[in-house]
Structures are given as structure tokens and as C-alpha cells.
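Participant: sequence and computational prediction follow.
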Amino acid sequence: MTGKLWNNYLKVKTALVESNAEKVQTAAQSLSQNFSEQQEELKSIVQQMASTDDLEKQRELFSKINEQAESLFKNELNNGTIYKQYCPMAFNNTGGYWFSDVDQIRNPYFGDRMLKCGNVAETIKK
């Protein structure tokens, strides 16, 4: 995994935590440029995120990105630690995962409404 892809992913997550739809669009645009031809589906989801200023839609798309990017993050990590985090209340209590570079919870699905809602579900180390 390129550091650029991971860094841009984190920028998207941070913008969602801040509930800043415009910042999400900018970060998603940068993230979409980091996917290879084999990752066309992921790229398409990220481009959808970049093209909407609807924060709730962006959060739904972010959840889809996390579902598809999990194996990418796990398999491509060269060194360091990634935290897979989970909020049981996201999406009408169906739950939602995301990834972080720190174990501290900063919920991208609720932002400041429930900033610390969630837990570390898995620690991925290389």
C-alpha cells in the first residue's frame, strides 16, 4: 500500500470526523488518484464521494470503501500499526467500521455528535 493512499484515506476520515462535506470532497478527489486499474470499483466509490456534498451520503460511501479496502490495508501494510475501529450505532444500529493510525476513537460516522462512540475491533501490525 502506498503511503499516499493511506494518508489520503486518513484525510477523508478526518474530514468526516469534522463533518466538513467540502473537505471530504477535496480529500476524496485526492484519494481517487491513488487506486490502480485493478481497483476500479473502489475508485468509483471514492469518486462518488468526491462528487456529492451530502455528508450522510459521503458517510455511506465511506462505509463501502472500508468494506472493500480492508484486505488492501491488511495485505499491503509493510510496517506499523493500523486500528480497525467499529461503531455499533452507525447506520441505524447496523454498525460501521473504519481504519485509523491511532487507537483513540474519532467517529467518522457521527462526527462531533458522538465523537468517541466506538471501539478498536482489531489491531493490525506488521
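Facilitator: Thanks, I have it. Since we're looking at a predicted model, the values are computed, not measured. Residues are numbered from 1 along each chain as shown.

Participant: for the lowest-mean-pLDDT helix or strand in the chain, which positions count as buried?
Facilitator: When the helices and strands of the chain are scored by mean pLDDT, DSSP states H and E, helix 55-76 comes last with a mean of 92. Across helix 55-76, burial judged by 16 or more other C-beta atoms under 10 Å covers 55, 58-66, 69-70, 72-73. Just so you know, the C-beta spots here come from the backbone N, C-alpha and C atoms, and that holds for glycine as well.

Participant: apart from its neighbours in sequence, what residue is nearest Leu16?
Facilitator: Excluding its sequence neighbours, the residue lying closest to Leu16 (C-beta to C-beta, 6 or more residues apart in numbering) is Pro108, at 3.6 Å.

Participant: just checking, the one you found touches Trp98?
Facilitator: Yes: using C-beta atoms under 8 Å, Pro108 is in contact with Trp98, at 5.4 Å.

Participant: coming back round to it: quick one: residues contacting the residue nearest to Leu16.
Facilitator: Contact analysis of Pro108 by C-beta atoms under 8 Å, 6 or more residues apart in numbering lists 13, 16-17, 59, 62, 98.

Participant: about what we covered before: okay, the buried residues of helix 55-76 in TSV with distance to Glu22 next?
Facilitator: TSV is the format used below for the buried residues of helix 55-76 (distance: C-beta to C-beta, whole Å):
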residue	distance to Glu22
Leu55	10
Gln58	10
Arg59	15
Glu60	18
Leu61	15
Phe62	15
Ser63	20
Lys64	21
Ile65	18
Asn66	21
Ala69	23
Glu70	27
Leu72	26
Phe73	26
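
Participant: most widely separated two among these?
Facilitator: Distances among the buried residues of helix 55-76 were taken as C-beta to C-beta; the most separated pair is Leu55 and Leu72, at 24.7 Å.

Participant: what residue ranges in the protein score low on pLDDT?
Facilitator: By pLDDT under 70, the weakly predicted segments of the chain are 1-2.

Participant: where exactly do the helices run in it?
Facilitator: 3-17, 21-32, 40-50, 55-76, 90-93 (DSSP state H).

Participant: go through the last one and flag the buried ones.
Facilitator: This means helix 90-93. Ala90.

Participant: thank you kindly, that will do.
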